[in-house]
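A.B. asks: this is a predicted model, with the sequence first.
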Amino acid sequence: DGGITQSPKYLFRKEGQNVTLSCEQNLNHDAMYWYRQDPGQGLRLIYYSQIVNDFQKGDIAEGYSVSREKKESFPLTVTSAQKNPTAFYLCASTYGRDYGYTFGSGTRLTVV
Amino acid sequence: AQTVTQSQPEMSVQEAETVTLSCTYDTSESDYYLFWYKQPPSRQMILVIRQEAYKQQNATENRFSVNFQKAAKSFSLKISDSQLGDAAMYFCAHNNNDMRFGAGTRLTVKP
C-alpha cells in the first residue's frame, strides 16, 4: 500500500543534541512538507520541498534543517539551536496543490 | 502571507444533529484551494473535503458539506447527522503554493 512513513513514533532527546526525524513516501509525490503541531496552534510550516535537491523555508525554519537527496525521502533535523523542540511533527506529501496532502502518522519529540 | 482563522476553539453537538464549523481566510490570490482536515485522537490527519476557489458550487462528501463564500473569504464546514466518530479536531486549510492551517476546532459529539 502506498503511503507516508514517519519514524520513530516517539523520540527523546537530551538538550544540546541534534536529532533527525525520518519521512519516507512511496506515492511518487513530488512535493514534501514538514509541519510542527503545538497545542492550540494548529500546524505550522517548517520546510518544504517541491523537487529533489531543492527546498524552501517555511514560517518557523530557525533551528531546523532538511535535505532532499531522493524523491522518496525528506528527513528533518532538529538542531540544538531550536529553543523549544518538544512538539508533534508531521510530514506530508502531494502531487500538487489541488490534491490535498497525504500525512504521515507523526513523531512526538520530547526534550529531556 | 495567507492566513486562516478558526474562531471557535471548541464546539459541541448532539448525536444525529447538525453542526457548522467556521473558517475565514485571507489571500490576495484568485485561484486557490481550500480543505477541511479531521484529526482524531490518533493524531492522523484525514482529508474531509476540498473546494476549488474557481468553482461556485459548494463541495459535498456524504454528510459533510461546505458553504464557500469567496467574496467574504469564508469556508464553513457543515456536518449533518453527527456521529460519535465525528469527534475530533477539525482544521481548515488554504493552499496556494503551500498549505496553511487554522488553529483548529475541537468537536465533541454527545450521545
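C.D. replies: That came through, no problem. Numbering: from 1, shown residues only, chains lettered A, B, ... in the order given.

A.B. asks: residue numbers of chain B in contact with chain A?
C.D. replies: Within reach of chain A by Cβ under 8 Å from any Cβ of the partner chain, chain B has these residues: B:1, B:4, B:6, B:9, B:32-33, B:35, B:42-45, B:47, B:50, B:52, B:91, B:95-104. Yep, even glycine has a C-beta here, placed from its N, CA and C like the rest.

A.B. asks: try 6 Å
C.D. replies: B:33, B:35, B:43-45, B:47, B:50, B:95, B:98, B:101-104 (Cβ under 6 Å from any Cβ of the partner chain).

A.B. asks: of these, the lowest pLDDT goes to which?
C.D. replies: On pLDDT alone, residue B:98 ranks lowest of the residues of chain B next to chain A, at 82.

A.B. asks: look up how far residue A:62 lies from it.
C.D. replies: Residue B:98 sits 17 Å away from residue A:62, going by Cβ to Cβ, to the nearest Å.

A.B. asks: what's around the closest residue to chain A within chain B, how many residues?
C.D. replies: Nearest to chain A in chain B, going by Cβ to the nearest Cβ, is residue B:45, at a distance of 3.9 Å. By other Cβ atoms under 10 Å in any protein chain shown, 26 other residues sit near residue B:45.

A.B. asks: the host helix or strand of residue A:50 and chain B in contact?
C.D. replies: According to DSSP states H and E, residue A:50 maps onto strand A:43-51. Yes. Residues of strand A:43-51 are located near chain B by Cβ under 6 Å from any Cβ, namely A:43, A:45, A:48.

A.B. asks: what would those look like in CSV with pLDDT and neighbour count?
C.D. replies: Formatted as CSV, those follow (pLDDT from 0 to 100; neighbours: other Cβ atoms under 10 Å in any protein chain shown):
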residue, pLDDT, neighbour count
A:43, 94, 27
A:45, 94, 20
A:48, 96, 25
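
A.B. asks: show me which of those residues is closest to residue B:69.
C.D. replies: Closest approach between those and residue B:69, by Cβ to Cβ: residue A:43, at 23.9 Å.

A.B. asks: surely the closest one meets residue A:35?
C.D. replies: Yes. Counting by Cβ atoms under 6 Å, residue A:35 is a contact partner of residue A:43 at 4.1 Å.

A.B. asks: which of the residues of chain B next to chain A sits closest to residue A:109?
C.D. replies: The closest of the residues of chain B next to chain A to residue A:109 turns out to be residue B:43 (Cβ to Cβ; 13.3 Å).
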